[in-house]
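>>> missing the sequence, but the structure's below:
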Ligand code: MN3
């Protein structure tokens, strides 16, 4: 089976220009991150899914199992970046979450500032490449901070992603060099809280 409309994943439109997140994230990083890295995950996901369908049509279970790592990595990369672009936006000085999301953050972390401190500490401490997330635990009905290695999607930890920060070096190195902490602290200026609140509203249904 060849990739068709049903099996072919697409790079989603970036909801703003490459320079829209400056000065926090440079246009150069955004262009590479979106048009090279994210596009690469989509291309490789489609290739792996196509091979998976071929293996499936031949009842070749060993080949199907062998493709699972590529599907997890590239599928996770596609899922994660598709979320990342939508939870960011131009600098909004002094912007913070409101409504039910703020109430649950205060309930589960003590205060917004305590949440921010814990999120930053755990995200900065990720060893190697990965993502820091705020996720919603549907069973316990609570917010949790989680770190994921590589491109593992947050669903692998049983959580619904609310907001996430990419701490792969490709996300910050051209601008922040080795100073991951500066990048993670700065990204709070460009969180698009209305979109994040919309994700939270859908997660708690
Ligand atoms: Mn990335």
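That came through fine. The structure displayed is predicted, hence computed values, not measured ones.
>>> quick check: the residue of this protein nearest the ion.
When you check the chain against the ion by CB to the ion, the closest residue turns out to be residue 166, at 4.2 Å. (C-beta placed from N, C-alpha, C; glycine too.)
>>> any part of the strand or helix carrying residue 53 near the ion?
Per DSSP states H and E: residue 53 is located in helix 39-57. No: using CB under 5 Å from the ion, no contact is recorded between helix 39-57 and the ion, whose separation bottoms out at 8.4 Å.
>>> following the chain past that helix, name the next helix or strand.
For helix 39-57, the succeeding helix or strand toward the C-terminus, using DSSP H and E, is helix 61-66.
>>> who in this structure is up against the ion?
166, 168, 171.
>>> residue contacts, the residue nearest the centre of the chain?
Centroid-nearest residue in the chain: residue 80, 3.2 Å away (criterion: CA atoms, centre = their mean). Taking CB atoms under 8 Å, 6 or more residues apart in numbering as the criterion, residue 80 is in contact with 131, 151, 153, 161, 164, 166.
>>> which helices and strands does the helix holding residue 53 pack with?
Applying 3 or more CB pairs under 8 Å, 6 or more residues apart in numbering; DSSP states H and E, one finds that helix 39-57 makes contact with helix 61-66, helix 68-86.
>>> now for these, which one comes closest to residue 181?
Distances from residue 181 to each of those were compared using CB to CB; the minimum, 18.9 Å, belongs to helix 68-86.
>>> next, the buried residues of that closest one.
Of the residues in helix 68-86, those buried under the neighbour-count criterion (16 or more other CB atoms under 10 Å) are 70-86.
>>> before we move on, the earlier item: include neighbour count when you put the residues of the chain next to the ion into CSV, please.
Shown next, in CSV, are the residues of the chain next to the ion (neighbours: other CB atoms under 10 Å):
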residue, neighbour count
166, 23
168, 18
171, 25
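>>> now residue 88, nearest residue through space, not along the chain?
When the adjacent residues along the chain are set aside, residue 88 lies closest to residue 190, with 5.1 Å between them (CB to CB, 6 or more residues apart in numbering).
>>> oh sorry, the question was meant for residue 82
residue 12 (5.4 Å).
>>> tell me the secondary structure of the one you found, please.
Residue 12 carries the three-state label coil when classified by DSSP: H, G, I helix; E, B strand; the rest coil.
>>> what's around it, how many residues?
14 (other CB atoms under 10 Å).
>>> so the helix holding residue 53 versus helix 68-86, what angle?
Between helix 39-57 and helix 68-86, the angle formed by their directions is 140 degrees, by axes from the mean of the first three to the mean of the last three CA atoms, to 10 degrees.
>>> any idea how far helix 39-57 is from the chain center?
What separates the centre of helix 39-57 from the centre of its chain is 21 Å, taken as CA atoms, centre = their mean, to the nearest Å.
>>> list the buried ones in it?
Of the residues in helix 39-57, those buried under the neighbour-count criterion (16+ other CB under 10 Å) are 41, 42, 44, 45, 46, 48, 49, 50, 51, 52, 53, 55.
>>> can you give me the strands in this protein?
All strands of the chain, identified by DSSP state E, fall at 130-137, 142-149, 160-166.
>>> would you list these in TSV and tack on mean pLDDT and distance to residue 183?
As requested, those are arranged in TSV below (pLDDT from 0 to 100; distance: least, CB to CB, whole Å):
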stretch	mean pLDDT	distance to residue 183
strand 130-137	98	11
strand 142-149	98	16
strand 160-166	98	8
